[in-house]
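In: no FASTA, just this:
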């Protein structure tokens, strides 16, 4: 049994409909609060009653969820990487689909650029390196992300220390050499980060991600968003490292895909070959350090680090932030459970009550051999007696 909802407030999120705080989605995920809202979906903090853990959950209309659902089903098991936030699994209810993923607390690269503007050279190189690490894992799994941009590069809250970046949001992802599931002349991605061949309707290719991540690096270095028409800035960076980075980014954004580094791994090797490429202090201002803060709001009233306050932790199969959900991407969505809101429901107990044991029935005993012999002797004597009487 699940806990009763702790709030009756409603949250309206644009044209995504009205979802109720405290609602239990698909009988498992309790909606706690909204973390982000966009034109396609809403990101909630949820409590997973089956695993006993907080998750981030993106709620989409079923009509908007096809590509992400396909990604979860086909590839999420193949991409387990420190710099990739791949969905754990999905659940469906009515006209909505919910995708769960780890809760990354440091906001996005877009948030960081909004807070600090252009980033120091050392930070830009480090974040580009980690984004390329993520793309290597994605491309090795036979997937093209197709929407690499600052809003889809999430960060852990590491303060002024070395950042930790995670590539997220696979709603536009596609299989390399897979079937085309979009209409002709449909361009997937975000204007300004498109490779030129994408605008011409080219098939998904990892080189398009190489182009997009280089545009992101240019944005980190300049603090300016790319032009909608794809016009890129001319980088003027000082020193051997800066000049080498500018040359690499110019190559990665070459309009001719054949002139770019041919894989994310090749681009990563060229980046690591730059002098002092691992020095986070390059270009840093000690008086104004870059810091990544925790952007997830405090838990609402009635919630604590271990879940609902005053309720025992549910007995799951491991739980904790790193545990995988019981439902795998290939399993069907669980059946919807509608909870009555006018009464409380007891939380799950840690141990199941003892089940009544059946009363053992005595087993039939075998007949002794002597009894069989006596019975046979009796039959013989009876037959002899009858024969004598007749004669």
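Out: In hand now; what should we look at? What you see is a predicted model, and the numbers here were worked out from it, not measured in a lab.

In: Can you list the residue ranges for strands in the stretch 151-300 of the chain?
Out: Applying DSSP state E, counting those that start in this stretch to the stretch 151-300 of the chain gives strands spanning 153-155, 165-167, 174-175.

In: Name every strand pairing with the shortest one and say which way it goes.
Out: Spelled out, that is strand 174-175. strand 143-144 (antiparallel) (DSSP bridges).

In: Can you give the distance of the strand it pairs with from its chain's centre?
Out: Mean-position distance between strand 143-144 and its chain equals 16 Å (Cα atoms, centre = their mean, to the nearest Å).

In: State the mean pLDDT of that strand.
Out: In this model, strand 143-144 has an average pLDDT of 93.

In: Any chance you could list what contacts it?
Out: For strand 143-144, contacts defined as Cβ atoms under 8 Å, 6 or more residues apart in numbering pick out 71, 75, 79, 138, 170, 173-176, 204-206, 208-209. No exception for glycine: its C-beta is placed from N, CA and C like everyone else's.

In: make it 7 Å
Out: In this structure, residues lying in contact with strand 143-144 by Cβ atoms under 7 Å, 6 or more residues apart in numbering are 75, 173, 174, 175, 176, 204, 205, 206, 208, 209.

In: try stretch 204-216
Out: 128, 131-132, 135, 139, 144-146, 148-150, 174, 176, 193, 195, 198, 226, 232, 249, 252-253, 257, 260-261, 263-264, 267.

In: residues touching the closest residue to residue 87 other than its chain neighbours, list them.
Out: The shortest distance from residue 87 to any non-neighbouring residue, by Cβ to Cβ, 6 or more residues apart in numbering, is to residue 99 (4.4 Å). Each residue near residue 99 by Cβ under 7 Å, 6+ apart is listed here: 57, 58, 68, 72, 87, 90.

In: let's see 8 Å
Out: Counted by Cβ under 8 Å, 6+ apart, residue 99 has contacts 57, 58, 60, 65, 68, 69, 72, 87, 88, 89, 90.

In: Among those residues, which are located in helices?
Out: Counted as lying in helices by DSSP state H, out of these, are 68, 69, 72.

In: Going by distance to residue 297, which of the residues you listed wins?
Out: Checking those against residue 297 with Cβ to Cβ, the nearest one is residue 68 at 25.1 Å.

In: pretty sure that closest one contacts residue 60?
Out: Yes: using Cβ atoms under 8 Å, residue 68 makes contact with residue 60 at a distance of 7.0 Å.

In: Can you work out which residues contact both of the two?
Out: In contact with both residue 68 and residue 60: 99, 171, using Cβ under 8 Å, 6+ apart.

In: ok, residue 197 - how many residues close by?
Out: The tally of other residues near residue 197 (other Cβ atoms under 10 Å) stands at 16.

In: and what of residue 383?
Out: Around residue 383 there are 10 other residues, counting by other Cβ under 10 Å.

In: Can you tell me how far residue 217 is from residue 165?
Out: 12 Å (Cβ to Cβ, to the nearest Å).

In: Check the contact lists of the two and give me the overlap.
Out: residue 127.

In: ok, back up a step: need the contacts of strand 143-144 in a markdown table (columns: distance to residue 283 and neighbour count).
Out: Shown next, in a markdown table, are the contacts of strand 143-144 (distance: Cβ to Cβ, whole Å; neighbours: other Cβ atoms under 10 Å):
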| residue | distance to residue 283 | neighbour count |
| --- | --- | --- |
| 75 | 37 | 18 |
| 173 | 33 | 24 |
| 174 | 36 | 24 |
| 175 | 39 | 16 |
| 176 | 36 | 13 |
| 204 | 35 | 22 |
| 205 | 33 | 19 |
| 206 | 29 | 23 |
| 208 | 29 | 26 |
| 209 | 26 | 29 |
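
In: out of those, who's nearest residue 381?
Out: Here the nearest of those to residue 381, counting by Cβ to Cβ, is residue 75; it sits at 86.2 Å.

In: Low-confidence ranges, the stretch 51-200 of the chain, go.
Out: Applying pLDDT under 70 to the stretch 51-200 of the chain flags residues 71, 73-78, 178-187.

In: what ranges do the helices span in it?
Out: 66-75, 109-116, 121-140, 196-199 (DSSP state H, counting those that start in this stretch).

In: who touches the last one?
Out: What that stands for is helix 196-199. Contacts of helix 196-199 (Cβ under 8 Å, 6+ apart): 146, 187, 188, 189, 205, 208, 230, 255, 257.
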